[in-house]
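J.: Here is the input, now give the coordinates:
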Amino acid sequence: MPEPLVRSERQGAVALLTLNRPDKLNAINGPVIEALDAALDAAEADGSVRAIVVAGAGRAFSAGFDLDMGTGEGKPDPADVRRALENDFRIILRFWDSPKPTIAAVHGYCLGSALELALACDLTVAAEDCRFGEPEVKFGSGIVALLLPWLTGPKAAKQLLLTGDDHVSAADMQSMGLIARVVPAAAVLDEAIALAKRVASNDAQAVRLTKRAINRSLDIGGMRQALLAALETDVEIETNETAESREFNEILKKDGAKAAIAWRAGRSA
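T.: Numbering: from 1, shown residues only. This is a model prediction of the structure:
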């Protein structure tokens, strides 16, 4: 039997969901999203589960999302692009909307939409050597779930998203209020499970309704509408080709990502 793309285990009242595509640095694609959906369905339906931890196998939490936009040659169909982005957006927001508290245990790399998934969790525990970032602008892509300005403020969000910096430290992320705890890499999963068990030891209804009240306060402020509007912007970015994006993608296909990024950097030197 092949290894599952998402491993599901129990640690007492905590459901541990582990992204299990280590050879691809746990890049999240369509099949992984399906596996996450099934694992979340099971955890949320189980009355004995009182908290959910999501982690990654191997060297990283996740290097981001693989856009599954069809296998045909040439430019992807806009409908396929929209379908892929909406599916990515939906699985990220499942962690935000889950009726049970969600905790991300991140190590190695936490990049792109994988960072958005970690942000969508209620709490994040990070390895001290973990590297964060959303480098989408380097590749001419947009942000699937624009949570950052709501969670850390517009200035910090612009610093991260407009520079495309993908080497942000766990300490810097914690200073922005985005990480609950920073611990040695060997301790990150144990710390996340311990934190989840601490949450799980509280009154389940009080925890569920308090989480809902906090999330509603952001929705009243317009977060949900803003996220959906930003998703439309991402669809626009991904489906509108420019002379710059065309040349970048040609270099990307021919010579690889480093060459394409160096070409773009050279244009602004």
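J.: got the domain boundaries for the chain?
T.: Domain assignment for the chain by automatic domain parsing gives 6-230, 238-267.
J.: Going by neighbour count, which residues of the last one are buried?
T.: Okay, so that is domain 238-267. 238-239, 245, 248, 251-252, 260-261, 263-264 (16 or more other C-beta atoms under 10 Å). Using the backbone N, CA and C atoms, a C-beta is placed for each residue, glycine as well.
J.: Verify the stated contact: residue 37 with residue 87.
T.: No - using C-beta atoms under 8 Å, residue 37 makes no contact with residue 87, being 9.7 Å away.
J.: If you count surrounding residues, which of the two has more?
T.: residue 87 (19 against 15; other C-beta atoms under 10 Å).
J.: pretty sure the more buried one is touching residue 33, no?
T.: Yes - in this structure residue 87 lies within contact range of residue 33 using C-beta under 8 Å: 5.9 Å.
J.: okay, residue 124: pLDDT?
T.: We have a pLDDT of 98 for residue 124.
J.: Same check on the one 5 residues further on?
T.: According to the per-residue confidence, residue 129 scores 97 in pLDDT.
J.: go on, the one 4 residues further on?
T.: According to the predicted model, the pLDDT of residue 133 comes to 97.
J.: can you give me the offset of stretch 82-102 from its chain's centre?
T.: In terms of C-alpha atoms, centre = their mean, to the nearest Å, the centre of stretch 82-102 is found 9 Å from the chain centre.
J.: buried ones in that stretch?
T.: Neighbour-count burial for stretch 82-102 [16+ other C-beta under 10 Å]: 82, 84-85, 87-89, 91-96, 98, 100-102.
J.: May I have it as PDB, with CA atoms only?
T.: C-alpha atoms of stretch 82-102 as PDB (Å, rounded to 0.1, in the frame of the first residue of the first chain):
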ATOM      1  CA  ARG A  82     -10.000  29.700 -11.100                       C
ATOM      2  CA  ARG A  83     -10.900  26.100 -10.000                       C
ATOM      3  CA  ALA A  84      -7.400  25.500  -8.600                       C
ATOM      4  CA  LEU A  85      -7.200  28.800  -6.800                       C
ATOM      5  CA  GLU A  86     -10.600  28.400  -5.300                       C
ATOM      6  CA  ASN A  87      -9.800  24.900  -4.100                       C
ATOM      7  CA  ASP A  88      -6.600  26.200  -2.500                       C
ATOM      8  CA  PHE A  89      -8.400  29.100  -0.800                       C
ATOM      9  CA  ARG A  90     -11.100  26.700   0.500                       C
ATOM     10  CA  ILE A  91      -8.700  24.300   2.200                       C
ATOM     11  CA  ILE A  92      -6.800  27.100   3.800                       C
ATOM     12  CA  LEU A  93     -10.000  28.600   5.200                       C
ATOM     13  CA  ARG A  94     -11.100  25.200   6.500                       C
ATOM     14  CA  PHE A  95      -8.500  25.600   9.300                       C
ATOM     15  CA  TRP A  96      -9.700  29.100  10.100                       C
ATOM     16  CA  ASP A  97     -13.400  28.000  10.100                       C
ATOM     17  CA  SER A  98     -12.900  24.600  11.800                       C
ATOM     18  CA  PRO A  99     -15.200  24.400  14.900                       C
ATOM     19  CA  LYS A 100     -12.200  22.800  16.700                       C
ATOM     20  CA  PRO A 101      -9.000  24.700  17.600                       C
ATOM     21  CA  THR A 102      -6.300  24.200  15.100                       C
END
